[in-house]
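Engineer: What follows is a predicted structure for the sequence shown.
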Amino acid sequence: MGRAGAKGHAQQLGSGLRVLWRRVAGPQSSAGCMGSSNRGGVGGTPGRRALLATCAASPGYTAGVGAAEGSGPRVCILGGGFGGLYTAVKLESLMWPRGTKPQVTLIDQSERFVFKPLLYELVSGAASEEEVAPHFAQLLGPYPVTFVQGRVHSVQPEHATQDGGSTGGGVVTLSDGASVPYDWLVVSLGAETSTFGLPGVKECALPFSTYEDAQRVAARLQLLEELVGYPEVVVVGGGYAGVELAAVVAERLRGRARIKLVTSTADILPGSPQGNREAAHRVLADQGVSILTGAQVTEMRKARAGSSGGLSSGGSNGASSSSSVGIGGAGTAVGPDLAKRLVYVKDRTGQQEVLEADMVLWSAGQAPATKAAAQPPPGALKLPFSTNSRGAMQTDATLRVLHHSRVFALGDVAVSSGGQEQPPLPATAQVAFQQADYVAWNLWASINNKPLLGFSYQHLGDMMSLGTTGGAVTLPISVPPQLSAAVAAAGPLAGLLKAAGVKLSGSYGGGSDGVTLEGPLGAAVRRAAYLYRQPTLEQQLRVAGDWAQSASKQLRQVLADAARK
Ligand SMILES: Cc1cc2nc3c(=O)[nH]c(=O)nc-3n(C[C@H](O)[C@H](O)[C@H](O)COP(=O)(O)OP(=O)(O)OC[C@H]3O[C@@H](n4cnc5c(N)ncnc54)[C@H](O)[C@@H]3O)c2cc1C
């Protein structure tokens with residue numbers, strides 16, 4: 001679901017090129033690393049993993065600025081995903097008046113940034129770990145940003161106001177007891193898988209939202225590939241994540257498994273462009289995935305061992321394997337958990353059906369990470385910010401948290417009240433990285449006493465993967481009906497476009513037309529857009545280098561095969 005369309009696209013491209021030029025032409029990219037030093041007042045416990053990606057800016061880097069490193073206010077960013085990491089990188093690309101350049105600290109529980117839209121490629125093997133989940137150490141190496149690996153436990157503002165808000169800085173406490181003081185805070189902790197409290201889902205199903213989840217799914221798939229029998233897989237959730245996951249699983253187990261996609265809605269991909277929906281239907285049908293619509297999951301259980309047939313480890317080629325597949329599919333010290341999962345679903349008439357599965361994938365729900373802070377069990381996140389009924393932090397139109405003048409929130413964790421009657425923005429990477437630009441800018445403006453900008457979201461299109469070489473991208477470009485009709489009438493041109501996977505019309509969300517690119521063309525455009533959206537120029541170059549290497553390997557293989565023949 002990335003973006004790239006018409007006017008917005010041109011603007012994005014323009015600003016992208018400007019940033020690119022600044023980075024390439026400016027001395028920042030050649031700044032020498034001065035090694036590690038603990039900046040930002042991180043009060044650490046001994047042995048904690050505080051990676052200090054601290055490099056010196058060369059004299060020209062803060063052009064017209066000349067700020068000494070470490071002299072400005074302390075900006076602490078919680079969560080290094082699309083919101084947090086991109087804010088940190090953007091802050092480094094702004095020009096700061098002398099003495100105001102902030103000392104930026106980024107805190108994340110993981111050692112890796114995860115480019116979630118590419119998680120499917122980790123399962124299919126179509127992208128490397130370095131592309132999908134690079135280490136923060138590598139990403140932030142060239143930037144004067146302090147990275148702290150730790151789980152945020154609580155935030156304590158120093159100057160509380162009577163309405164429960166705050167006007168100054170405060171302290172972030174991590175679960176290992178370490179504290180990080182801040183003058184300005186950015187909260188971008190993302191979303192977590194939600195099972196809506198449905199019985200048995202946590203025990204029986206594998207979620208798909210983190211790097212570790214993707215590894216577990218890949219491990220379970222490998223186990224299913226090794227076993228004797230005809231495995232059954234149930235994917236719950238008919239949104240983009242469920243559909244993309246079903247496609248990648250079906251491709252891996254092609255012809256060797258029964259795969260069901262279960263959704264409570266009347267069709268898959270509700271609210272998405274028709275072109276994407278049609279492409280998804282075609283691919284899933286081609287891969288033999290059956291779709292169960294209007295089906296509400298009510299419960300899951302594990303069948304008692306041996307009670308339900310099931311798979312066997314199949315002797316010598318079987319699953320002696322390393323089958324600890326974690327939550328929902330946990331292996332034990334004595335071997336893999338091969339018990340069938342029973343998925344109880346109810347249709348619209350209240351009729352119940354029980355689906356058996358060797359693997360259940362749960363893609364039916366996400367909730368803001370701050371939801372836990374609303375009803376904290378012991379040890380959960382404790383934040384002093386008010387949240388809405390979904391557990392999302394409320395901000396004004398400038399993405400400043402309500403009643404907390406020094407705190408910003410963005411991405412999946414936040415909802416903007418904006419002052420206008422607008423529907424809530426989708427929880428997408430596209431929203432988060434567009435907001436990151438505004439948060440960085442508004443921090444600059446706040447620190448320099450300039451007016452703040454209201455966030456304005458620009459939808460640039462919807463992208464999805466449909467297996468290793470398939471995809472669909474719908475761009476919100478209006479195609480006049482006369483043009484569509486003229487193209488359709490021009491036989492050879494229509495044939496050419498169809499063969500290339502280009503579809504000129506299809507209702508786009510609210511009813512306007514769009515352009516859908518399908519198949520290998522859609523897949524290529526999606527990957528190229530994600531290359532452009534990598535968090536840093538250095539990472540873009542690394543990914544492009546990987547691509548070039550694997551392309552040349554494939555080419556050599558093709559030539560060698562041809563020569564042999
Ligand atoms: C499988 C999948 C596919 C997706 N595909 C697309 C797509 O194609 N297009 C699209 O636009 N969007 C897609 N999305 C949605 C998109 O990834 C999210 O909307 C986006 O990542 C939100 O950015 P964020 O910064 O708010 O959160 P995230 O990117 O999730 O980052 C949050 C960070 O906070 C960290 N964190 C959380 N809690 C704590 C804590 N207590 N302490 C320390 N660190 C913490 C996490 O480790 C994480 O690094 C997809 C999501 C998933 C799960």
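Structural biologist: Done, it's in. Numbers count the residues shown, from 1 in each chain.
Engineer: which intervals of this protein have sub-threshold pLDDT?
Structural biologist: Low-confidence segments of the chain (pLDDT under 70): 1-70, 305-335, 373-379, 417-422, 480-490, 492-494, 498-501, 503-513.
Engineer: Spatially central, which residue of it would that be?
Structural biologist: Closest residue to the average C-alpha location of the chain: residue 116 at 2.9 Å, with Cα atoms, centre = their mean.
Engineer: show me what contacts that one?
Structural biologist: 81-82, 209, 429 (Cβ atoms under 8 Å, 6 or more residues apart in numbering). (Each C-beta comes from the backbone N, C-alpha and C, glycine too.)
Engineer: Please enumerate the helices of the stretch 201-350 of the chain.
Structural biologist: Along the stretch 201-350 of the chain, the segments classed as helices by DSSP state H, counting those that start in this stretch run 201-204, 211-226, 240-252, 274-286.
Engineer: any idea which of those helices is most buried?
Structural biologist: Across these, averaging neighbours per residue (mean count of other Cβ atoms under 10 Å) puts helix 240-252 on top, at a mean of 25.
Engineer: now check that helix, is it near the ligand?
Structural biologist: Yes. With Cβ under 6 Å from any ligand atom as the measure, helix 240-252 is seen reaching the ligand through residue 241.
Engineer: I'd assumed residue 144 was in contact with residue 92.
Structural biologist: Yes. The pair residue 92 and residue 144 passes the contact test of Cβ atoms under 8 Å, sitting 6.8 Å apart.
Engineer: Report the set of residues contacting both of these two.
Structural biologist: Both residue 92 and residue 144 are contacted by residue 104, under the criterion Cβ under 8 Å, 6+ apart.
Engineer: who touches stretch 264-278?
Structural biologist: Against stretch 264-278 from outside (Cβ under 8 Å, 6+ apart): 238-240, 242-243, 261, 280-281, 284, 291, 293-297, 364, 462, 464, 472-474, 503, 506-509, 514-516, 518.
Engineer: correct me, but residue 532 touches residue 544?
Structural biologist: No. Taking contacts as Cβ under 8 Å, residue 532 lies outside contact range of residue 544: 10.3 Å.
Engineer: List the buried residues of stretch 341-353.
Structural biologist: Within stretch 341-353, the residues that qualify as buried are 341-346, counting by 16 or more other Cβ atoms under 10 Å.
Engineer: Next: stretch 460-478.
Structural biologist: 460-468, 470-477.
Engineer: Contacts only, for the residue of the stretch 151-300 of the chain found nearest the ligand.
Structural biologist: Closest to the ligand within the stretch 151-300 of the chain is residue 190: 2.6 Å, counting by Cβ to the nearest ligand atom. Neighbouring residues of residue 190 by Cβ under 8 Å, 6+ apart: 79, 81, 83, 368-369, 411-413.
Engineer: In strands, which of the residues you listed appear?
Structural biologist: Among the contacts of residue 190, the ones falling in strands (DSSP state E) are residue 368.
Engineer: Next, format the contacts of residue 190 as TSV and append distance to residue 255 and neighbour count.
Structural biologist: As requested, the contacts of residue 190 are exported to TSV (distance: Cβ to Cβ, whole Å; neighbours: other Cβ atoms under 10 Å):
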residue	distance to residue 255	neighbour count
79	41	27
81	37	27
83	41	32
368	40	26
369	39	26
411	40	32
412	37	27
413	42	32
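Engineer: check the contacts of residue 190 against the ligand, which are close?
Structural biologist: 79, 81, 83, 369, 411-413.
Engineer: just to confirm, which helix or strand has the residue of the stretch 451-565 of the chain found nearest the ligand in it?
Structural biologist: Using Cβ to the nearest ligand atom, the single residue of the stretch 451-565 of the chain nearest to the ligand is residue 463, 5.9 Å away. In this assignment (DSSP states H and E), residue 463 forms part of strand 462-465.
Engineer: ok, residues contacting that strand?
Structural biologist: For strand 462-465, using Cβ under 8 Å, 6+ apart, the contacting residues are 1-2, 117, 120-121, 240, 243-244, 247-248, 272-273, 276, 279-280, 471-474, 522-523, 525-526, 529.
Engineer: picking up where we left off before, kindly reformat the buried residues of stretch 341-353 as a markdown table containing distance to residue 127.
Structural biologist: Shown next, in a markdown table, are the buried residues of stretch 341-353 (distance: Cβ to Cβ, whole Å):
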| residue | distance to residue 127 |
| --- | --- |
| 341 | 29 |
| 342 | 34 |
| 343 | 30 |
| 344 | 35 |
| 345 | 33 |
| 346 | 38 |
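Engineer: Could you show which parts of the stretch 1-150 of the chain are in contact with the ligand?
Structural biologist: Within the stretch 1-150 of the chain, the positions lying close to the ligand (Cβ under 6 Å from any ligand atom) are 1-2, 79-84, 107-110, 116-117, 119.
Engineer: Looking at those, which are in helices?
Structural biologist: If you go by DSSP state H, these have 84, 119 in helices.
Engineer: Among the residues of the stretch 1-150 of the chain next to the ligand, which one sits closest to the ligand?
Structural biologist: residue 81 (1.8 Å).
Engineer: OK, contacts around the closest one?
Structural biologist: 108, 113-114, 116, 188, 190, 411, 432.
Engineer: now do 10 Å
Structural biologist: Residues in contact with residue 81 (Cβ atoms under 10 Å, 6 or more residues apart in numbering) are 108, 110, 113-116, 188-191, 369, 410-413, 429, 432-433, 436, 535.
Engineer: Helices along the stretch 451-565 of the chain, start to end?
Structural biologist: Using DSSP H, counting those that start in this stretch, helices in the stretch 451-565 of the chain cover 481-489, 491-500, 519-532, 537-564.
Engineer: oh sorry, the question was meant for the stretch 51-200 of the chain
Structural biologist: So, for the stretch 51-200 of the chain - with DSSP H, counting those that start in this stretch - the helices run 84-93, 119-124, 129-132, 136-140.
Engineer: Compare these and give me the one nearest residue 201.
Structural biologist: helix 119-124 (19.6 Å; Cβ to Cβ).
Engineer: who does the closest one touch, helix- and strand-wise?
Structural biologist: If you count contacts as 3 or more Cβ pairs under 10 Å, 6 or more residues apart in numbering; DSSP states H and E, helix 119-124 packs onto helix 129-132, helix 211-226, helix 240-252, strand 462-465.
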